[in-house]
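Chemist: Sequence first, predicted coordinates after that:
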Amino acid sequence: MKLSMDRLKALLRDKYLILLFSCLNNYLDNYNSSMFEIISQYFPLWVFITLMVSTPGPANLLLLSNGAQNGYLKSLSFLSGLVIGKLVLNILFSLGLGLLIRNHTLLMELFGYICVIYIVWLSLRGWNSHKKEFSNKKNLSLRNGLFVHPLSPKTWAMCLIAYTEFTVDYEGLFELYYLVPISFFILQIIFHNFWCVLGGFINKTFGLNKYTNRFLIFLTILTVIWAIIFAS
């Protein structure tokens with residue numbers, strides 16, 4: 001009798017384990033299938049955003065220059081301003097700002113010219129940063145960073161494409177109000193930090209002499225002019 005009870009318990013335990021593993025296997029199959037569908041659905045959007053925020057643009061090159069002039073840690077305030085300004089712009093686009101821009105292209109052109117003036121002004125503030133008496137005196141602030149993306153024609157162009165070309169295939173409002181802004185937010189933090197760290201690396205490796213500093217400044221100015229032409 002005791003043997004039978006032990007055998008019964010063993011059988012029940014084996015059946016329980018088989019059922020548990022079967023349920024777990026079904027869950028993993030469904031989970032993997034769902035994850036694959038999600039990734040395949042949003043992958044083109046993520047590739048587009050990655051290409052846009054990782055490439056040299058006015059904001060990234062300002063971070064490169066500021067990182068080289070003042071170091072990574074002292075550039076975090078400016079970096080935070082860039083991220084916040086872009087997040088606010090993305091939220092406004094999700095609420096319909098893109099439609100306004102599509103109907104009033106003159107407004108985008110106006111922002112483009114203002115952007116050139118603003119980026120040139122920010123860049124030239126570090127003109128003499130290679131000199132010890134000027135080091136860290138012209139560090140860009142959070143407030144300076146807030147207006148870079150809202151004025152940048154490259155940023156307006158990438159937001160307009162993201163919200164008009166990619167969200168049309170999505171059925172729900174989750175992508176419009178959450179997915180696109182959060183995707184921009186996360187990838188922007190990653191690549192803005194990369195460019196800022198790269199600037200600090202240039203400073204430590206090559207030193208911030210007159211020619212390196214002014215080359216970065218001219219590169220930033222030329223990039224924003226190119227961005228205006230590209231956006232047009």
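Modeler: Everything's here; your move.
Chemist: Can you name the residues that contact the residue most central in space within the chain?
Modeler: Nearest to the mean C-alpha position of the chain, counting by Cα atoms, centre = their mean, stands Q188 at 1.6 Å. Residues in contact with Q188 (Cβ atoms under 8 Å, 6 or more residues apart in numbering) are 53, 82-83, 86. (Glycine included, C-beta is placed from N, CA and C.)
Chemist: Looking at those residues, which one is closest to L110?
Modeler: Within the contacts of Q188, the smallest distance to L110 is 19.6 Å, found for K86 (Cβ to Cβ).
Chemist: Could you count how many residues lie near C196?
Modeler: For C196, the tally of surrounding residues (other Cβ atoms under 10 Å) stands at 28.
Chemist: cool, V83 as well?
Modeler: With other Cβ under 10 Å as criterion, V83 counts 20.
Chemist: And for T50?
Modeler: Neighbours of T50 (other Cβ under 10 Å): 14.
Chemist: so how far is G57 from it?
Modeler: 13 Å (Cβ to Cβ, to the nearest Å).
Chemist: Just give me the neighbour total for L198.
Modeler: L198 is flanked by 16 other residues according to other Cβ under 10 Å.
Chemist: Flag every buried residue along the strand or helix carrying V88.
Modeler: Assigned by DSSP states H and E, V88 belongs to helix 76-92. Residues 77-83, 85-87, 89-90 are the ones in helix 76-92 that count as buried (16 or more other Cβ atoms under 10 Å).
Chemist: which helices and strands sit right next to that helix?
Modeler: Counting contacts by 3 or more Cβ pairs under 8 Å, 6 or more residues apart in numbering; DSSP states H and E, helix 76-92 packs against helix 58-70, helix 142-146, helix 148-151, helix 153-161, helix 180-206.
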